[in-house]
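Q: here's a sequence, model it:
(chains A and B)
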There are 2 protein chains.
Amino acid sequence: MRRALHRAPMSAFDYTAESGAPELRETLAAYLARSRGVVADPERILVCAGFSHAMAILARVLHARGADEIAFENPSLHIYRDIAARNGPRVVGVPVDDHGITVSSLDSPAVVVTPAHQYPLGVTLAPGRRAELTRWAEETGAVVIEDDYDGEFRFDHQQVGALQALAPERVVYVGTTSKTLAPSLRLGWMVLPRFLVESVRVEMAASGARPALLDQLAMAELIESGAYDQHIRRCRAEYRSRRDRLLAALPDSVLPQGISAGLHLVLQFPGDLPGEMEVLAACRRRAIGLEGLSGHWIGEPQREGLIIGYGAAAKHAFGGATQALREAIFEVT
Amino acid sequence: MRRALHRAPMSAFDYTAESGAPELRETLAAYLARSRGVVADPERILVCAGFSHAMAILARVLHARGADEIAFENPSLHIYRDIAARNGPRVVGVPVDDHGITVSSLDSPAVVVTPAHQYPLGVTLAPGRRAELTRWAEETGAVVIEDDYDGEFRFDHQQVGALQALAPERVVYVGTTSKTLAPSLRLGWMVLPRFLVESVRVEMAASGARPALLDQLAMAELIESGAYDQHIRRCRAEYRSRRDRLLAALPDSVLPQGISAGLHLVLQFPGDLPGEMEVLAACRRRAIGLEGLSGHWIGEPQREGLIIGYGAAAKHAFGGATQALREAIFEVT
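A: Numbers count the residues shown, from 1 in each chain, chains lettered A, B, ... in the order given. From the prediction side, this is the model:
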């Protein structure tokens, strides 16, 4: 931030463009192409205040363009479904299987997906499904919103690039600093199909909100300097080792899912026994705050499970937390 | 920012509440009461990303509550009128005379006013009108949105407090850092009537946008430390002396208006001669970028004039700019 302030021209303190700082949009275009294979140029990038802001604006733009409905993966985060619904479109759920979202069930003008690491189930959208999804979008003219929330944190050797690369004119790519730096920064970016750029820019202006320009310049500076890549590499290694230590600590009685990418995995219990409530209660008794799968379904919960986020715990606390989790599971199984 | 980072707890980096950082809301409650006489407590304060964000959210909330129309002072800033219109209500204009907005012409469920220093005309809402406006709001149940954009920069000795103090349950007070620190910070606050707090909070969440938490903590730190008051006192003295130097440099042929408060004054030419375009062109020839009154009217321009903002120019450039303006006016008069 100090370096950004040092470089900032007078104009960086004035009223700012709704598209975001040109410096950041240019830096992001190169970074996203390099790190995620995104087909990006500054003209189709808009800076926003995180995924929630992007979701609100995209829902309003798509609704104004006639999309009365928007599909979400089922299960998915209810907060984004709520924001979409509050801004116009009706929300419908589409099942997710071991290969990701079931494209054959799609029948909406727009869909929100998490291809790199489905939230919460943790599955990766299979190559066949990626092709099927983009083909479906091209044939039906639907818009796919790609929430690349933890795309930087894949643990297997060949990275899975952004879905947007397959159909840049049908996929809106959305990335943020919420998983790489901090959610409280409220900083993100959309890479848009050309036909949506102008209407999204106008809706962004109508939202009256945009991130502080100095935060945008600091982010550009962070990427330019190489410190952002370095930070991500360091975090990826740390999260991979946390995942490995977590897996090693888990009893064989449980089935870990979605372990190939960062920040969380899901524990399923054979036959859902013991029940989610019971396991969560045992965790709470050991001061481990975890969420269950149940809360993420649209309509009736279809499967139970434990969502274990292993990124946020302080380094010194992680070993103890893992041990406590192991004990909690032993207590109830 | 460094001090805020130093103090920030772990939770300051996590997902944040849509109401804003409690530290900032508490600090603002005390600051606004002390500096502007605002009837404020943290429970009725929401932090937002500047006046534009507040305008978008309030327009949506009021529209959802049945306000199909929102009144603006005529003239006023078209950007806020556009944001209001894009979020539901129809926009109507209400004349401004030498005492401020003509309350007798008001016939809308909501109105946006700039009581401390009308923008762009620069008049101050007269004591009688303030009483009349709040009485009108209480009798009709209308909501008054007070844009206190430069309330900190009054030059006469007795400060004019916030309108909100007269009717805290009918007036939404909105303040920002755009004039005191920098517009590019995108940081502001609403002080709400109790009956609006919950619906505005929900709409704020639906907007998906909020300022970065560290910026909020830095702002709280800045106020708590006393540095913010000191900065404002320093700026007020600087702007007052700029205003005086500007007035001294102006030929007697022109009539300066709205000189009692900071950041801008308006120059009117008797009989609108020379015309605004002619004066602006003469200024442009001397590389002075000024705006005219004409662009701020709803419908047909009713009066011409020169809006002279004297806050932004670099200290070393101000003398030369004033001289150039004087020459430009002499050239055309």
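
Q: drop to CA atoms for contacts and neighbour counts, all remaining ones
A: Noted.

Q: so what strands line up beside the biggest strand by length in chain A?
A: Identified as the longest strand of chain A according to DSSP state E is strand A:90-97. According to DSSP bridges, the neighbouring strands of strand A:90-97, each with its direction, are strand A:69-74 (parallel), strand A:100-101 (antiparallel).

Q: show residues contacting it.
A: By Cα atoms under 8 Å, 6 or more residues apart in numbering or on different chains, the residues outside strand A:90-97 that reach it are A:68-75, A:81, A:84-85, A:101-102, A:105-106, A:298.

Q: can you tell me the SS state at the residue positioned nearest the centre of chain A?
A: The C-alpha lying nearest the average C-alpha coordinate of chain A belongs to A:Y149 (Cα atoms, centre = their mean; 2.1 Å). Secondary structure for A:Y149, judged by DSSP: H, G, I helix; E, B strand; the rest coil, is coil.

Q: equivalent analysis for the one 10 residues further on, please.
A: With three-state DSSP as the basis, A:Q159 sits in coil.

Q: tally of neighbours for it?
A: Residue crowding around A:Q159 was assessed by other Cα atoms under 10 Å in any protein chain shown; the count is 15.

Q: what's the answer for A:L214, then?
A: Counted by other Cα under 10 Å, the residues lying close to A:L214 total 19.

Q: same question for A:S105.
A: By other Cα under 10 Å, 11 other residues sit near A:S105.

Q: give me every residue that touches it.
A: When contacts are counted by Cα under 8 Å, 6+ apart, A:S105 is found next to A:94-95.

Q: any idea how far A:F330 lies from chain B?
A: Taking Cα to the nearest Cα, to the nearest Å as the measure, A:F330 and chain B are separated by 30 Å.

Q: could you do A:E138 as well?
A: Applying Cα to the nearest Cα, one obtains 29 Å for the distance of A:E138 from chain B.

Q: can you confirm that residue is in a helix?
A: Yes. Counting by three-state DSSP, A:E138 is located in a helix.

Q: let me see the contact set for the closest residue to it other than its chain neighbours.
A: Sequence neighbours aside, A:R170 is the residue nearest to A:E138 in space, at 6.7 Å (criterion: Cα to Cα, 6 or more residues apart in numbering or on different chains). Under the criterion of Cα under 8 Å, 6+ apart, the contact list for A:R170 reads A:134, A:137-138, A:141-144, A:164, A:193.

Q: again, but for A:M1
A: So A:M1 contacts A:214-215, A:217-218 (Cα under 8 Å, 6+ apart).

Q: quick check, pLDDT for it.
A: pLDDT for A:M1: 92.

Q: what does the stretch 51-200 of chain A put close to chain B?
A: By Cα under 8 Å from any Cα of the partner chain, the residues of the stretch 51-200 of chain A that approach chain B are A:51-57, A:82-83, A:86-87, A:182-187.

Q: try it again with 10 Å
A: On the criterion Cα under 10 Å from any Cα of the partner chain, chain B has as its neighbours in the stretch 51-200 of chain A the residues A:51-57, A:79-80, A:82-87, A:178-179, A:181-187.

Q: and if you look at the stretch 201-333 of chain A?
A: A:202-203, A:205-215, A:312, A:314.

Q: ok, 6 Å please
A: Counting by Cα under 6 Å from any Cα of the partner chain, the positions of the stretch 201-333 of chain A adjacent to chain B are A:206-209, A:212-213.

Q: how close does A:I145 get to B:D150?
A: 41 Å (Cα to Cα, to the nearest Å).

Q: ok, and what's touching the longest helix belonging to chain A?
A: Counting residues, the longest helix found in chain A (DSSP state H) is helix A:227-249. Counting by Cα atoms under 6 Å, 6 or more residues apart in numbering or on different chains, the neighbours of helix A:227-249 from elsewhere in the structure are A:153, A:222.

Q: rerun that using 8 Å as the cut-off
A: Outside of helix A:227-249, the residues within contact range by Cα under 8 Å, 6+ apart are A:152-155, A:180, A:222-223, A:256, A:259, A:262-263, A:310-311, A:318, A:322-323, A:326.

Q: list the buried residues in it.
A: Of the residues in helix A:227-249, those buried under the neighbour-count criterion (16 or more other Cα atoms under 10 Å in any protein chain shown) are A:228-229, A:232, A:235-236, A:239-240, A:242-243, A:246-247, A:249.

Q: now do stretch A:123-130
A: Residues A:123-126, A:129-130 are the ones in stretch A:123-130 that count as buried (16+ other Cα under 10 Å).

Q: now, these that are in helices?
A: If you go by DSSP H, those have A:129-130 in helices.

Q: any chance of the buried residues of stretch A:123-130 in a markdown table, plus pLDDT?
A: Listed next are those as a markdown table, based on pLDDT from 0 to 100:
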| residue | pLDDT |
| --- | --- |
| A:V123 | 95 |
| A:T124 | 95 |
| A:L125 | 96 |
| A:A126 | 96 |
| A:R129 | 98 |
| A:R130 | 98 |
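
Q: chain B: which of the buried residues of stretch A:123-130 is nearest?
A: Of all those, chain B sits closest to A:V123, with 24.0 Å by Cα to the nearest Cα.

Q: for the closest one, which non-adjacent residue is closest in space?
A: Using Cα to Cα, 6+ apart, the nearest residue to A:V123 is A:G258, at 5.1 Å.

Q: what's the burial count for the one you found?
A: 19.

Q: pull the contacting residues for it.
A: Neighbouring residues of A:G258 by Cα under 8 Å, 6+ apart: A:117, A:121-124, A:264-266.

Q: kindly recompute the last result at 6 Å.
A: A:G258 makes contacts with A:122-123, A:265, as judged by Cα under 6 Å, 6+ apart.

Q: can you list the domain ranges for chain A.
A: Segmentation of chain A into domains, based on automatic domain parsing, reads A:2-225, A:237-332.

Q: surely A:Q164 is in a helix?
A: Yes. Using three-state DSSP, the secondary structure at A:Q164 is a helix.

Q: separation between it and A:V143?
A: Summarising the geometry, the distance separating A:Q164 from A:V143, computed by Cα to Cα, is 11 Å.

Q: returning to that earlier point: if I look at the residue nearest to A:E138, how far off is A:P115?
A: 15 Å.

Q: for PyMOL, write the selection for the buried entries among the contacts of helix A:227-249.
A: This is the PyMOL syntax for the buried subset of the contacts of helix A:227-249, where burial follows 16+ other Cα under 10 Å:
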select buried, chain A and resi 152+153+154+155+180+222+223+256+259+262+263+310+311+318+322+326
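
Q: where does whichever residue of the stretch 151-300 of chain A sits closest to chain B fall, phi/psi-wise?
A: Per Cα to the nearest Cα, A:G208 is where the stretch 151-300 of chain A lies closest to chain B, at 4.0 Å. Its backbone dihedrals place A:G208 at phi 70, psi 0, with angles given as degrees, to the nearest 10.

Q: so what's the residue count around it?
A: Other residues lying near A:G208 total 25 when counted by other Cα under 10 Å.

Q: same question for A:E23.
A: Other residues near A:E23 number 15, with proximity taken as other Cα under 10 Å.

Q: tell me the secondary structure at it.
A: When the structure is split into helix, strand and coil by three-state DSSP, A:E23 lands in helix.

Q: about what we covered before: show me the two of the residues of the stretch 201-333 of chain A next to chain B that sit farthest apart.
A: With Cα to Cα as the measure, no two of those lie farther apart than A:A206 and A:L213, at 18.0 Å.
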